[in-house]
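Peer 1: need coordinates for the following:
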Amino acid sequence: MIDGRRRPGYVETLPPAVKQDNVGAVAAPPPEAFPIDQFPVPDRWRLVKALCPDKNFVGLQATCHSPFDPYHQNGLKGDRPVQIDKKPFFLPITGDDWFFGLNGVSDTVVEPRSFPTPVADQTSSYPGAIDTFGRQKSLVLAQTFILGAGLTKGSTAYKPPDIEYRIALAYQVNYVNVEERRVLHVESSRPSHRTDSFLGLQELFVDKHLGNRSDRFDFDSLRIGIQPFNFDFRGFLFQDNQLGVRLFGNRDNNRYQYNVALLWRLEKDTNSGLNDITRRPRKDYVFHGNLFVQDFPIPGLTSLASFTANWNRDRRRVTDHNGFPTRPALLGDQRPRDYDVYYVGYSLDGRVKRFNLSSSVYGAFGKDRNSFFTSRPAKIRSLFAAAELSYDLDWIRIRGSGLYTSGDGDPKDNTENGFSAIFENPIFAGADTSYWIRQAVPFAGGGVNVSISPRNGIINDLRTTKEEGQSNFNNPGTMLLGVGADFDLAPQLRLSANLNRLWFENTATLRELRNEGSIPKSIGWDLSGALIWRPSMIQNVVFRLSGAVLNPSKGFADLFTNSRGDNRYYSVLFNAILTY
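Peer 2: Numbers count the residues shown, from 1 in each chain. Coordinates of the predicted model:
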């Protein structure tokens, strides 16, 4: 024999058999008990946990933790099924594979800011304040707590749930302080500061699995109740939690995804923006259908084609909780109005080689039954387009943004050409870091309680609020060009900077409402920056500090000239989000 070589025909003898005596042990089942190569394991989720609380075994360090630890497996966040023999009394369930998930969010906002603040007709807190615009500083403090719970049946790690029940409550306490009266409340006798609180129901739905359509778990599901809706990649048209029915699913190994939804919009609390289920829902109905196609038109891009219909019948006069009229907006003839508008959209999101691309185009058409300029019906014909292109250089992402919404060039004809969304919440061009997107600038002198663009919105559509007001297609439109960059200074720290140039698309509507002969299109420069810190490199703890400055140009200065010489406006935002 040579080490490492074998001789043909030679068979080495086996070593002696090993004998093991285990008195009283149960004999192993015979091979014929397992006709296939798989066999069931009872409660596979708790095999290792059954060895707890042995803290000395290294393999258990990621398993033996408190149920309140959100960073490791526990039953409160749906990692293990509910034990039926030990289930809480408030869970009326039977059978296996039920998972209970609990989540909580603390959202803290501290926001000093300034904006053109109108002086009330009746009174001012300062002697000699006879100008149209008064002192501009204000402070917003808001603390929101969100508590949600979900109950799901089915092994959802690899297939859709059989059925899901979910509820989420949000409670907010907010404080606002301004320097002029009759800004926070219609009564001039009220002080220039306000503390308010509200409890809203943000989610309450049941999700039923209708069936699988392939062995790769292509499926159809039906969801009924208050639930989140987002109609495009960036929240340009609609992003909100509303009452509705949604049929959704996928095909061809998840390459095709579809949604068909019918919404009945709920009223909102004025100061918190949360759902107010104590008031009857609005007569505002939305139908939406879309189709996602992955790797189309080229690999790396996802296409989204959509059709949306908004049938608004809010003809009842409504004032908000602060006494200001919200429907109809106090513009033009101030008569109640309703409209039917249809949106046809196409969006792209993904990568083209090393470039990241996100874009959306919408065409809106329909009928406004009472144009507030003419008191006659008018056709709606308007356009929206936006795109963001970015490029990654190691730890730096460079971005370029562009947005266009058509404006109305002749307010007194029978066509409304201004584009208006249903409920926008755009993640675009700096998002809520941007001054123009974050703040609502009041259209003083042209309409009571009307803003040029809504808070957390980018479209200049002259509506009261997106929460309680109506869409308005008699507006000056918006144009934006922007550049920005994200710098990942460390895994925990990101610096984001944005510079946007803003214009009105057409100022004919503004000239008519303000009774001015000419108003330039230029709004100004919006410069903003933000620091985002994630101390544990996860999304459970996120701190954000941002600042923005609006340097107005001729169009903005023409609308908001004041004798105090205020020519720049700022917005500072500190936001802390803690998530369990």
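
Peer 1: only C-alpha atoms for contact and neighbour calcs from this point on.
Peer 2: Will do.

Peer 1: pretty sure Lys554 is touching Ile523, no?
Peer 2: Yes - applying CA atoms under 8 Å as the test, Lys554 and Ile523 come out as touching, 6.8 Å apart.

Peer 1: neighbour-wise, which of these two wins?
Peer 2: For Lys554 versus Ile523, the count of surrounding residues by other CA atoms under 10 Å is larger for Ile523: 24 against 15.

Peer 1: my read: that one touches Asn500, true?
Peer 2: No - the pair Ile523 and Asn500 does not pass the contact test of CA under 8 Å, sitting 10.5 Å apart.

Peer 1: so what's Trp533 closest to, chain neighbours aside?
Peer 2: Setting aside the residues directly before and after it, Trp533 is nearest to Leu493 in space (CA to CA, 6 or more residues apart in numbering), at 4.6 Å.

Peer 1: in the stretch 451-580 of the chain, where is pLDDT below threshold?
Peer 2: In the prediction, the stretch 451-580 of the chain carries residues with pLDDT under 70 at positions 562-566.

Peer 1: could you rerun that using 80?
Peer 2: Within the stretch 451-580 of the chain, the segments meeting pLDDT under 80 span 561-567.

Peer 1: that one: helices as residue ranges?
Peer 2: When secondary structure is read from DSSP state H, counting those that start in this stretch, the stretch 451-580 of the chain shows helices at 508-514, 554-559.

Peer 1: residues contacting Val173?
Peer 2: Going by CA atoms under 8 Å, 6 or more residues apart in numbering, Val173 touches Ala142, Gln143, Thr144, Thr195, Asp196, Ser197, Phe198.

Peer 1: the fifth one sits in which helix or strand?
Peer 2: Translated: Asp196. Assigning secondary structure by DSSP states H and E places Asp196 in strand 193-212.

Peer 1: quick one: list the elements packing against that strand.
Peer 2: strand 163-178, strand 219-230, strand 239-251 (3 or more CA pairs under 8 Å, 6 or more residues apart in numbering; DSSP states H and E).

Peer 1: excluding its backbone neighbours, what's nearest the residue nearest to the spatial centre of the chain?
Peer 2: The residue at the geometric middle of the chain, judged as the C-alpha nearest the mean C-alpha position with CA atoms, centre = their mean, is Gln239 (5.5 Å). In space, and not counting its chain neighbours, Gln239 is closest to Asn230: 4.4 Å by CA to CA, 6+ apart.

Peer 1: so the residue nearest to Trp533 sits against Arg534, correct?
Peer 2: Yes - distance between Leu493 and Arg534: 6.4 Å, which falls inside the contact criterion (CA under 8 Å).

Peer 1: tell me which helix or strand of the protein sits lowest on mean pLDDT?
Peer 2: When the helices and strands of the chain are compared on mean pLDDT, DSSP states H and E, strand 77-81 comes out lowest with a mean of 82.

Peer 1: neighbouring strands of that one in the sheet, and parallel or not?
Peer 2: strand 98-114 (antiparallel) (DSSP bridges).

Peer 1: now the angle from the partner strand to strand 163-178?
Peer 2: 20 degrees (axes from the mean of the first three to the mean of the last three CA atoms, to 10 degrees).

Peer 1: for strand 98-114, which outside residues touch it?
Peer 2: Identification of contacts with strand 98-114 by CA under 8 Å, 6+ apart yields 75-82, 136-154, 569-580.

Peer 1: strands - which of those residues land there?
Peer 2: Among these, the ones falling in strands (DSSP state E) are 77-81, 137-153, 569-579.

Peer 1: list only buried entries from those.
Peer 2: Among the ones in strands among the contacts of strand 98-114, those scoring as buried are 77-78, 80-81, 137-153, 569-577 (criterion: 16 or more other CA atoms under 10 Å).

Peer 1: rewinding a little: farthest-separated two in the contacts of Val173?
Peer 2: The span of those, defined through CA to CA, is set by Thr144 and Thr195 at 13.7 Å.

Peer 1: ok, so what distance separates Tyr171 from Thr374?
Peer 2: Here Tyr171 is placed at a distance of 43 Å from Thr374 (CA to CA, to the nearest Å).

Peer 1: repeat for Phe100
Peer 2: Counting by CA to CA - Phe100 and Thr374 are separated by 56 Å.

Peer 1: who's more crowded, those two?
Peer 2: Phe100 (22 against 14).

Peer 1: so what's that one bridging to?
Peer 2: As assigned using DSSP bridges, the partners bridged with Phe100 are Leu151.

Peer 1: run a quick neighbour tally on the residue nearest to Trp533.
Peer 2: Burial of Leu493 is recorded as 17 neighbouring residues (other CA under 10 Å).

Peer 1: tell me the contacts of it?
Peer 2: Residues Leu531, Ile532, Trp533, Arg534 are the ones in contact with Leu493 under the rule CA under 8 Å, 6+ apart.

Peer 1: my guess is the second one meets Pro491, correct?
Peer 2: Read that as Ile532. No - using CA under 8 Å, Ile532 is not in contact with Pro491, being 10.6 Å away.

Peer 1: these two: who's more crowded?
Peer 2: With other CA under 10 Å as the criterion, Ile532 and Pro491 differ in neighbour count, and Ile532 comes out ahead with 18 against 13.

Peer 1: hey, what's that one bridged with?
Peer 2: In this structure, Ile532 has beta-bridge partners Arg494, Arg544, where bridges are defined by DSSP bridges.

Peer 1: report the contact partners of it.
Peer 2: Contacts of Ile532 were listed using CA under 8 Å, 6+ apart, and they are Leu493, Arg494, Leu495, Val542, Phe543, Arg544, Leu545.

Peer 1: please repeat the previous calculation with a cut-off of 10 Å.
Peer 2: Shown in contact with Ile532 (CA atoms under 10 Å, 6 or more residues apart in numbering): 488, 492-496, 542-546, 575-576.

Peer 1: now do Lys153
Peer 2: By CA under 10 Å, 6+ apart, Lys153 lies in contact with 81-82, 93, 95-100, 160-165.

Peer 1: narrow these to those that are buried.
Peer 2: Going by neighbour count (16+ other CA under 10 Å), the contacts of Lys153 have Pro81, Val82, Asp97, Trp98, Phe99, Phe100, Pro160, Pro161, Asp162, Ile163, Glu164, Tyr165 buried.

Peer 1: with distance to Ile519 added, can I get those in TSV?
Peer 2: Supplementary listing: these in TSV, determined by distance: CA to CA, whole Å:
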residue	distance to Ile519
Pro81	64
Val82	65
Asp97	65
Trp98	62
Phe99	60
Phe100	58
Pro160	55
Pro161	57
Asp162	59
Ile163	57
Glu164	54
Tyr165	53
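
Peer 1: hang on, the earlier thing: report pLDDT for the residue nearest to Gln239.
Peer 2: What the model reports as pLDDT for Asn230 is 95.

Peer 1: count the residues that sit near it.
Peer 2: For Asn230, using other CA under 10 Å, the count is 16.
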